[in-house]
Structures are given as structure tokens and as C-alpha cells.
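[1] Please work out how this folds:
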Amino acid sequence: MPSLSCTVENCAHNKNRQCCLSNIQVGGRTAEVTDETCCDSFAPQSAKNVQGTVIENPHVTVSCEATKCRYNDNCECHADCIDICGEPDCCDCRSTECATFSCCR
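    Reported below is the predicted structural model:
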């Protein structure tokens, strides 16, 4: 099971730099570099939607559209450790990225 860390502090799914979701979607179908990817599961945080708890050893599934990534196998990420990062105070998924992305083509 992969480890899923997240430094997007204003995402509603972020709890202590860990993602509370057990399934996320990484976008970037034509990505060849990290900043062409994004976390499509990003949800802006507000006082009303802060939710979730970090699940201990969850079965994390990372669906991935970045077909040129070396960790992508049949649109699923198989990296041991996945890091999602983003701009401070980002307001949509385009300001996030998969820092684990590594182009293999």
C-alpha cells in the first residue's frame, strides 16, 4: 500500500499533511513534467467542510491519468510513496501537482 502525503494545507481532505481519502485521482493525461499534473480530488477548505481523519494504513488507491509516468500501470499509480503538493492558498486543482511524477517517455 502506498503512503500518501499532501502539503496542500488548504485542501479539505488534508489532515496533518496526510490525505484522508482512500482513493484520489491524479490528472495530467499529457503530462511530461511534474507541474503538468494535478490532484483532481482537491477540494477547497472552508469552515463548513473541514472533515475526515487520517486512516491508519488505509488501502489507498491512486487513479492516475498521467500515462507517461513511470509509476502508472493501467491508470493506477504504483509508487511506494506518493506526494501531492500545491501552491499556498490554492483555490483549485490546477494549483496542485503530483511531486512523485517521473516521466518515462
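
[2] CA only for contacts and neighbour counts going forward, please
    OK.

[3] Can you pull the poorly scored residue ranges out of the protein?
    Residues of the chain meeting the criterion pLDDT under 70: 1, 47-59, 105.

[4] do that again at 90, thanks
    Applying pLDDT under 90 to the chain flags the ranges 1-4, 9, 15-16, 18-23, 45-61, 87-91, 105.

[5] any chance you could map the strands in the chain?
    For the chain, the strands defined by DSSP state E occupy 3-6, 14-15, 18-19, 23-27, 38-39, 61-64, 81-86, 96-98.

[6] And the longest one, what does it pack against?
    Yep, that's strand 81-86 we're talking about. strand 3-6, strand 96-98 (3 or more CA pairs under 8 Å, 6 or more residues apart in numbering; DSSP states H and E).

[7] Same question for the third one.
    Here strand 18-19 is seen to pack against strand 3-6 when contacts are counted using 3+ CA pairs under 8 Å, 6+ apart.

[8] Equivalent analysis for the fourth one, please.
    Contact partners of strand 23-27 among helices and strands, from 3+ CA pairs under 8 Å, 6+ apart: strand 38-39, strand 61-64.

[9] ranking the helices and strands packed on strand 81-86 by burial, who's on top?
    Comparing these by mean neighbour count (mean count of other CA atoms under 10 Å), strand 96-98 comes out on top with a mean of 26.

[10] Run through who's touching that one.
    8, 26, 34-39, 42, 82-87, 90 (CA atoms under 8 Å, 6 or more residues apart in numbering).

[11] Tell me how far it lies from the chain's centre.
    Centroid displacement of strand 96-98 relative to its chain, using CA atoms, centre = their mean, to the nearest Å, is 6 Å.

[12] Run through the bridge partners of T96.
    For T96, the beta-bridge partners under DSSP bridges are G86.
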